[in-house]
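**Q** for reference, the sequence and a predicted model appear below.
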Amino acid sequence: MSSTNISTHEVHHDVHEEHEHHHEQNFIEKYIFSQDHKVIAKQFLFTGIFWAFVGGFLSILFRLQLGWPQATFTFLEPILGGWVENGKLSTEFYLAMVTMHGTIMVFFVLTAGLSGTFANFLIPLQIGARDMASGFMNMLSFWIFFLSSIILLTSLFIETGPASGGWTVYPPLSALPQAMPGSGLGMTLWLVSMALFIVSQLLGGVNYITTIINLRTKGMSMTKLPLTIWALFLTAVLGLLAFPVLFSAALLLIFDRSFGTSFYLSDIFIAGEALANTGGSPVLFQHLFWFLGHPEVYIVIMPAMGLVSEVITTNSRKPIFGYRAMIGSLMGISVLSFVVWAHHMFVSGMNPFLGSVFMFLTLIIAVPSAVKVFNWLATLWRGNIRFSTAMLFAIGFVSLFISGGLTGIILGNSALDIHLHDTYFVIAHFHLVMGAAAFFGMFTGVYHWFPKMFGRMMDEKLGFIHFWLTFIAVYLVFMPMHYLGIAGFPRRYYSWTGFEAFNMFADMNTFISISAIIGFSAQFIFLFNFIYSIFKGRRSTPNPWHSNTLEWTTPVLPGHGNWPGPLPVVYRWPYDYSKPGAVEDYIPQTVPFSETQSSNFPHEKDLE
Amino acid sequence: MITFAIGLSIVLLIVILFLLFRIGTLASIFRGSSQRAVGTTKVSNKVNSVLLLLFLLIGGAAFFWSFADSWDTMNQPLASVHGEWTDELFWITMVVIGIVFVLTQILLFWYSYKYQHQDNKRAYYYPHNNKIEIIWTMIPAIVMALLVFYGWKTWTNITSAAPEDSVVIEVMGKQFNWMVRYPGADGKLGEAHVSYVDAVNEMGVNFSDPNSMDDFMPREIHVPKGKPVLLKIRSRDVIHSVFMPHFRLKMDAVPGMPTKFWFVPTKTTAEMQNETGNSSFNYELACTEICGQGHFAMRFLVVVDEEDEFEEWVASQKPFSEEHPDLLAKFTLDSQKQLVLENKSEKAEEVKKEL
């Protein structure tokens, strides 16, 4: 709270202080242990991009196995060493890869990389604050995440391999080192890494919420916030409520693994002996895990929704359609996301009555999601659309969100889930709706806010090529997976040739793998564009997209404290695009109504 | 040498691509298009909007073609009563979401194309319309309500209590194969617990329980056509999942928590072989919950017989206890253990009733 006071009343003093402060900062304070939210956002972004390439590469490795089950991969021996025997990937390594792919993508890329980057970068800039409420906690959040990253990365290189029981780490498989090699040290490292990750998320989340509630600039009421901030705010609330439950699940798993308790273990005979554990329930873990796990998919997708809303409205040159409905649907999704978790467990053996309840609650969540899609479409309608790369990715996001979201109506139906549970239908569904769509949201954000982050523009032509290759590849990879899934093709299968029911899909699997390789290769275009543009990109103007929100009122490269002078004052909502009577087709939030008499509506005449 | 040549050509390719990229950038500076706001230049707008439209048309066509082309392979032969319900519900839901899918995707790409940037145009300021918003909130809500109702009816029918006269089969998952046990002539499965498991008695059956004397453990599942079959499912190590794709049947096998699923097979294996024209057709049981390195190989055969064939097959099976008399001897000798076991057997019965 104190910083807002300083900024509004002691402007000159503040500027002076900022100026002095800059000179004092040495390299380590400025770029490594920085407390500046913009630097921390970039740190999250770089780490996220690194992880995305690792996670993507792992998926290519197992797609090789699935696409060419008979082939030998001797060329992988130099990279993978003992994991390839006589050109054959080991079955344990296959499971390790799917597990790590899931963990990395869900947590390290799409949670930390996406909301870590954009919550840090956009919250202070879009609400008009000098920095986060606690810069120190914010720094701590990144460095604990970094530590957690290092631990997870280490687990990829140990002899027994990383955790291999699927990213959901269901016990007893994950609890017993006898069950698979990955459940030994690899699983321990996974749990430690995840515990640290949760700490990082909580530190970040508390900060985001506090900042949004307390540090909004003068005039920035909650109903004048851009939708990005609403999305990031509710995401942080979800994270704060859900992650501690994952922590407790992980803690009990640690007890079962190391201290001989039986929270999840009962009646087990493994590796030639009956275990003494009795009375535990593996289903308990599933309940705890999915109590986080389901909100988690909204933690992943809601920031993307926010970014996309902002980019669509800016580039359509139109106000977002149904601003309040958009906020309402975000709130609806947030509340409902906590009461649908057991739809992941329809066939786990839980009471079928629970299945009925959760089917009902799950299908309700389709309503706010549908409202969002309709509102995006209505925003495009009669717009004057500028196809920046960010806009293309935003349109791609909507398309993928529709395609993937609709099949959720099928999977949320417990009667249909019986056949489709744990098949490629599920894979196709969630990769489209929360994997690819969230990635598209992330690309939207990176292309759109790159000028504010680095003061330069990314190359648009390379962006177009990147978009088109990615967009096409994503559909070519995941659409055919629906067919496999309808036929019942199970997920996490090293090889499917042993089953008469599933062995007719050899060509389609090869096709999917080729598409995946093309899609992954296209990401190197992005990587090149990203790195090249940081150093050599065209210099940006302060507001290259002619956007209304506050971050574009800062200098090209905002320094420590974001605004050199006093903090901006907000007079209007962020979506006055193409207002009739206005000179330009956008009116920034900082322009008072008194200066725009020609475009004011009757009820706005008397406003400031 | 070849590796070197490949490496060199890749490097050259990258250099050429980079030069092309530089030339393109410089050309756009000379043309002055880099001076305009991004997304307002004529060419890139035209190209991208046309590509979006083409994506809709070609992508849509490719999707429908591939869907039609894969129709036969994606529809697994169906052989259970409840499978007919769920398949019908599935395709009805698919039609509903298919309509929404087509409409929204068409609008998305068509609007993107139609309302591409033009210098002399301005977007239409249209921030909200409460009436429309209420309508398009209500429509999905009503459709969802109908789907929930239909799904709930189907689900409660499928998960209702198994009929009294069901054929009972115990299916046990272990790393990495399935084992099954039939109750034999008395129709009752003997008690089982992991503490009895050894190299011979892999299912951990308590052979001092009289009910287990006639239990038999075949190498494949046989079920009679047209009669309800109740699968009593358990696991002895990690979670597995019983999946029989042709019967649209799936239920997790959980250690320490017996589960169940009942179904009615509608076609014998022979009938299905005729129908599919594949003389080697077999019903299969697969595992669908990751359970370790052999997860993908937990295949088990399921055979659907005519009722009389099934009775014959049952009659031809030898009880496990008869085949392993030494095992039986071990159990009768150990009289002290027996007392403990009886207590446990009562408990196990209770659990099964509850579920």
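**A** On my side now, so go ahead. Numbering: from 1, shown residues only, chains lettered A, B, ... in the order given.
**Q** list the contacts for the spatially closest residue to residue A:594 that is not a sequence neighbour?
**A** Distance criterion Cβ to Cβ, 6 or more residues apart in numbering or on different chains; nearest residue to residue A:594, sequence neighbours excluded, is residue A:608 at 6.3 Å. Just so you know, the C-beta spots here come from the backbone N, C-alpha and C atoms, and that holds for glycine as well. For residue A:608, the contact set (Cβ atoms under 8 Å, 6 or more residues apart in numbering or on different chains) comprises A:571, A:592, A:593, A:594.
**Q** where does whatever residue of the stretch 1-150 of chain A ends up closest to chain B land on pLDDT?
**A** Nearest to chain B, among the residues of the stretch 1-150 of chain A, is residue A:91, at 4.1 Å (Cβ to the nearest Cβ). On pLDDT, residue A:91 comes in at 92.
**Q** my read: it touches residue B:296, true?
**A** Yes: between residue A:91 and residue B:296 there is a contact under Cβ atoms under 8 Å: 7.4 Å.
**Q** so how far is residue A:177 from the residue of the stretch 201-350 of chain B found nearest chain A?
**A** With Cβ to the nearest Cβ, the shortest gap between the stretch 201-350 of chain B and chain A falls at residue B:256, namely 2.8 Å. Plainly put, residue B:256 is 19 Å away from residue A:177 if you go by Cβ to Cβ, to the nearest Å.
**Q** again with residue B:96
**A** Residue B:96 sits at a distance of 47 Å from residue A:177 (criterion: Cβ to Cβ).
**Q** please, which helix or strand holds residue A:520?
**A** Using DSSP states H and E, residue A:520 falls within helix A:506-536.
**Q** what packs against that helix?
**A** On a contact count with 3 or more Cβ pairs under 8 Å, 6 or more residues apart in numbering or on different chains; DSSP states H and E, helix A:506-536 meets helix A:37-67, helix A:437-454, helix A:460-486.
**Q** report the buried residues of that helix.
**A** By neighbour count on 16 or more other Cβ atoms under 10 Å in any protein chain shown, the buried set for helix A:506-536 is A:506, A:508-517, A:519-520, A:522-523, A:525-526, A:528-530, A:532-533.
**Q** quick one: average pLDDT of it?
**A** For helix A:506-536, mean pLDDT is 95.
**Q** so how far is it from its chain's centroid?
**A** Centroid separation between helix A:506-536 and its chain, computed with Cα atoms, centre = their mean, to the nearest Å, is 19 Å.
**Q** relative to helix A:437-454, how tilted is that helix?
**A** Between helix A:506-536 and helix A:437-454, the angle formed by their directions is 10 degrees, by axes from the mean of the first three to the mean of the last three Cα atoms, to 10 degrees.
**Q** which one is residue B:81 nearest to, not counting chain neighbours?
**A** The shortest distance from residue B:81 to any non-neighbouring residue, by Cβ to Cβ, 6+ apart, is to residue B:264 (4.2 Å).
**Q** so how far is residue A:416 from the one you found?
**A** According to Cβ to Cβ, residue B:264 and residue A:416 sit 19 Å apart.
**Q** that older thread, reformat the contacts of residue A:608 as a markdown table; add secondary structure.
**A** Formatted as a markdown table, these follow (DSSP: H, G, I helix; E, B strand; the rest coil):
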| residue | secondary structure |
| --- | --- |
| A:571 | coil |
| A:592 | coil |
| A:593 | helix |
| A:594 | helix |
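**Q** tell me which residues touch the residue of the stretch 201-350 of chain B closest to chain A, please.
**A** Residues near residue B:256 by Cβ under 8 Å, 6+ apart: A:265, A:266, A:267, A:268, A:278, A:279, A:280, A:281, A:282.
**Q** which of those residues count as buried?
**A** Buried members of the contacts of residue B:256, scored by 16+ other Cβ under 10 Å, are A:265, A:266, A:267, A:268, A:280, A:281, A:282.
**Q** is chain B contacted by stretch A:259-277?
**A** Yes: under the criterion of Cβ under 8 Å from any Cβ of the partner chain, chain B is reached by stretch A:259-277 at A:265, A:266, A:267, A:268, A:269, A:270, A:274, A:275.
**Q** one step back: neighbour count: residue B:264 and residue A:416, which is higher?
**A** residue A:416 (26 against 19; other Cβ atoms under 10 Å in any protein chain shown).
**Q** okay, the angle between the helix holding residue A:520 and helix A:37-67?
**A** The directions of helix A:506-536 and helix A:37-67 differ by 160 degrees, with the same axes, to 10 degrees as the criterion.
**Q** that older thread, quick one, which of the helices and strands packed on helix A:506-536 is packed in tightest?
**A** Compared across the helices and strands packed on helix A:506-536, helix A:437-454 shows the largest average neighbour count, a mean of 26 (mean count of other Cβ atoms under 10 Å in any protein chain shown).
**Q** not counting sequence-adjacent ones, nearest residue to the residue of the stretch 1-150 of chain A closest to chain B?
**A** Distances taken as Cβ to Cβ, 6+ apart put residue B:293 closest to residue A:91, at 4.1 Å, once the chain neighbours are dropped.
**Q** where are the low-confidence patches of the stretch 51-200 of chain B?
**A** Nowhere does the stretch 51-200 of chain B drop to pLDDT under 70.
**Q** correction: the previous question concerned the stretch 451-600 of chain A.
**A** Low-confidence regions of the stretch 451-600 of chain A, defined here as pLDDT under 70, do not occur.
**Q** can you rerun that using 90?
**A** Judged by pLDDT under 90, the stretch 451-600 of chain A has its weakly predicted residues at A:496-498, A:500-506, A:538, A:560, A:581, A:583-584, A:596-599.
**Q** which residue does it have closest to chain B?
**A** As assessed by Cβ to the nearest Cβ, chain B sits closest to residue A:488 within the stretch 451-600 of chain A, at 3.5 Å.
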